[in-house]
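S.K.: just a sequence and a predicted model for now, questions to come.
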Amino acid sequence: MMKYCITALSLFSFLFLMACNEANIDTEGFDLETWKNDKKGCQSKRVALLSDFEQKVKPKLEGLREIQVSNLLGKADFSLLAERNQKFYRYYLEEGEQCGKNKKARYINIRFSAINVVNEVTVVYY
């Protein structure tokens with residue numbers, strides 16, 4: 001009997017953790033497909049989505065876990081592990097040095113705390 005209880009508890013825990021990895025935020029009106037397909041912003045399609053991003057996505061990112069952000073926005077174009085176990089994700093908005101151009105590109109910077117939770121989202125302009 002005890003064996004079955006432990007198995008059931010393990011299964012429940014696994015399902016709960018899997019559900020926590022899904023970013024169930026409402027992004028209606030935001031073109032996630034275009035966002036994800038513009039790798040490194042080299043097609044400069046993300047820049048046209050910036051206003052929608054700031055209104056419909058950015059306010060909902062704080063508190064999400066790293067895996068949830070990756071599932072929602074796709075793999076980051078650049079990531080950095082900083083001091084005190086903070087992590088930064090960068091999503092470029094337009095073509096620039098990351099695409100072989102001789103200019104700096106604007107980007108979205110997402111900062112994760114040491115416990116992998118978003119605690120800041122900023123747009124970096126040049």
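M.R.: That came in fine, so what should we check first?
S.K.: what ranges do the helices span in the chain?
M.R.: 2-20, 32-37, 50-52, 58-61, 66-73 (DSSP state H).
S.K.: need the helix or strand of the chain with the lowest average pLDDT.
M.R.: Within the chain, no helix or strand scores below helix 2-20, which has a mean of 46 by mean pLDDT, DSSP states H and E.
S.K.: mind checking how far the spatially closest residue to Gln98 that is not a sequence neighbour is from Glu97?
M.R.: Of all residues not flanking Gln98 in the chain, Lys40 sits nearest, at 4.8 Å (C-beta to C-beta, 6 or more residues apart in numbering). Using the backbone N, CA and C atoms, a C-beta is placed for each residue, glycine as well. Counting by C-beta to C-beta, to the nearest Å, the gap from Lys40 to Glu97 is 10 Å.
S.K.: and those two? Which one has more around it.
M.R.: Neighbours per residue (other C-beta atoms under 10 Å) separate Lys40 from Glu97, with Lys40 holding more: 19 against 12.
S.K.: wait, the more buried one sits on Tyr92?
M.R.: Yes: at 5.2 Å, Lys40 counts as touching Tyr92 under the criterion of C-beta atoms under 8 Å.
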